[in-house]
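Novice: Here you go, sequence then predicted model.
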Amino acid sequence: MTGLQVALCGGLMVGLACALLAYRLAPSDPHLGDVLDRLAPEPLAKSAYGDVSASAGLASATFADRLGVWAMRTLPGGAWARTPRRDLAILQISETRFYGEKVLWAGLGLVFFPALTTIWTLIGLPIPLVVPTLGSLVLAAVGWFVPNYNAVDDAKRARVEFLRALGAYIELVALERRSGASGHQALAAAADVGDSWVFTRIATELRRARYASRAPWESLHDLAEELGVPELDDLADIMQQSSQDGAQIYTNLRARASALRSAMLSAEIGKANAASERMYIPASLLGIVFMAILITPALLRFTT
């Protein structure tokens, strides 16, 4: 690398640093969430899901949580782009941990190429300075969005598991209602039967509703909105209707559970069909290769 190239790269890095510093120090519109967090008293500041105080949350927080708290206080609110709050809620991952993982992944991407370049330089394979510079920026940008992809992918599988358990839960609620239990009792008793995380989450929301003197279907409405599960919202509507007009909802609940299972079965059949169609491609390529092996000797003899 010539002296001119080194000077250009150095000037580029200095200019980028000055631009980032000016962007950080320039006045901008404050993020509403950050302003409210700063105005809230420290003991009442929400941690993971608003149930634990900030001091108690930080006491048992991991390194990613602490890094996320630092990032939320330091970086501007617009730097996070879109936060998948519903996906984080169903995965029971706090926003501070999510932000900490984004910073960790971006930091790993930022130092990977310089470390690799240093190793290659020590063994006698120098690399131009522009390669690790651009590579670090690209890897940092990719690493910044890796937690988003992981959250969306894991939440998709978690919602499938939630729907499977929800179908069983609706059946249990229907049985409780048929045995003469009220709507409140049916929802609570059915939630106490299972020990999976889905039943535990529903039971926790129903317990909070009882302590807060709220109707259980209102808590189910809020939970469905928080997790992005409209099927749970349908159950809340059915239970609310039964409390208002005294309707016999056993048939409605059984029909809703059956429709939920049918929809899930159709989705599984669609995935199986898509996988079968993808299997046709390598099989077709194998047949083409086999035909080419058979025809090639005859074509060679014909041409010669």
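Specialist: That came through, no problem. Residues are numbered from 1 along each chain as shown.

Novice: CA atoms for contacts and neighbours, from now on please.
Specialist: Fine.

Novice: Let me see the backbone angles for Trp197.
Specialist: Dihedral pair for Trp197: phi -70, psi -30, per degrees, to the nearest 10.

Novice: Need the contact partners of stretch 189-197.
Specialist: Under the criterion C-alpha atoms under 8 Å, 6 or more residues apart in numbering, residues Tyr169, Leu172, Val173, Glu176, Phe199, Thr200, Ile202, Ala203 lie in contact with stretch 189-197.

Novice: Now do the buried residues in that stretch.
Specialist: Neighbour counts using 16 or more other C-alpha atoms under 10 Å place Ala189, Ala190, Ala191, Gly194 of stretch 189-197 among the buried residues.

Novice: cool, stretch 203-218 as well?
Specialist: Judged by neighbour count (16+ other C-alpha under 10 Å), stretch 203-218 contains these buried residues: Ala203, Thr204, Glu205, Leu206, Arg207, Ala209, Pro216, Trp217, Glu218.

Novice: Next, format those as JSON lines and append secondary structure and distance to Glu225.
Specialist: Formatted as JSON lines, the buried residues of stretch 203-218 follow (DSSP: H, G, I helix; E, B strand; the rest coil; distance: C-alpha to C-alpha, whole Å):
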{"residue": "Ala203", "secondary structure": "helix", "distance to Glu225": "17"}
{"residue": "Thr204", "secondary structure": "helix", "distance to Glu225": "16"}
{"residue": "Glu205", "secondary structure": "helix", "distance to Glu225": "13"}
{"residue": "Leu206", "secondary structure": "helix", "distance to Glu225": "15"}
{"residue": "Arg207", "secondary structure": "helix", "distance to Glu225": "18"}
{"residue": "Ala209", "secondary structure": "helix", "distance to Glu225": "16"}
{"residue": "Pro216", "secondary structure": "helix", "distance to Glu225": "14"}
{"residue": "Trp217", "secondary structure": "helix", "distance to Glu225": "12"}
{"residue": "Glu218", "secondary structure": "helix", "distance to Glu225": "11"}
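
Novice: which of these lies closest to Phe63?
Specialist: Thr204 (27.7 Å; C-alpha to C-alpha).

Novice: That closest one and Leu163, how far apart?
Specialist: Thr204 sits 18 Å away from Leu163 when distances are taken as C-alpha to C-alpha, to the nearest Å.

Novice: Likewise for Leu300?
Specialist: From Leu300 over to Leu163 the distance is 60 Å, taken as C-alpha to C-alpha.

Novice: related to what we said a few turns ago, of the contacts of stretch 189-197, which belong to helices?
Specialist: In helices, defined here by DSSP state H, the members of the contacts of stretch 189-197 are Tyr169, Leu172, Val173, Glu176, Phe199, Thr200, Ile202, Ala203.

Novice: Kindly indicate the member of those with the most neighbours.
Specialist: Highest neighbour count within the ones in helices among the contacts of stretch 189-197, by other C-alpha atoms under 10 Å: Val173, with 28 neighbours.

Novice: Contacts only, for that one.
Specialist: Taking C-alpha under 8 Å, 6+ apart, we find Val173 in contact with Ala186, Leu187, Ala189, Ala190, Leu253.

Novice: Also Asp154?
Specialist: For Asp154, the contacting residues are Leu91, by C-alpha under 8 Å, 6+ apart.

Novice: Help me confirm that Gly135 is found in a helix?
Specialist: Yes. Applying DSSP: H, G, I helix; E, B strand; the rest coil, one finds Gly135 inside a helix.

Novice: Adjust the sequence numbering to begin at 358 for everything that follows.
Specialist: In the new numbering, first residue 358, that becomes Gly492.

Novice: Nearest residue to it in space, please, no chain neighbours.
Specialist: In this structure, Gly492 finds its nearest non-sequential neighbour in Phe470, 6.3 Å apart by C-alpha to C-alpha, 6 or more residues apart in numbering.

Novice: residues contacting that neighbour?
Specialist: Pro489, Thr490, Gly492, Ser493.

Novice: Quick one: those as JSON lines, columns for neighbour count, distance to Asn507 and pLDDT too.
Specialist: Formatted as JSON lines, the contacts of Phe470 follow (neighbours: other C-alpha atoms under 10 Å; distance: C-alpha to C-alpha, whole Å; pLDDT from 0 to 100):
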{"residue": "Pro489", "neighbour count": "20", "distance to Asn507": "26", "pLDDT": "79"}
{"residue": "Thr490", "neighbour count": "16", "distance to Asn507": "26", "pLDDT": "82"}
{"residue": "Gly492", "neighbour count": "17", "distance to Asn507": "22", "pLDDT": "84"}
{"residue": "Ser493", "neighbour count": "21", "distance to Asn507": "21", "pLDDT": "85"}
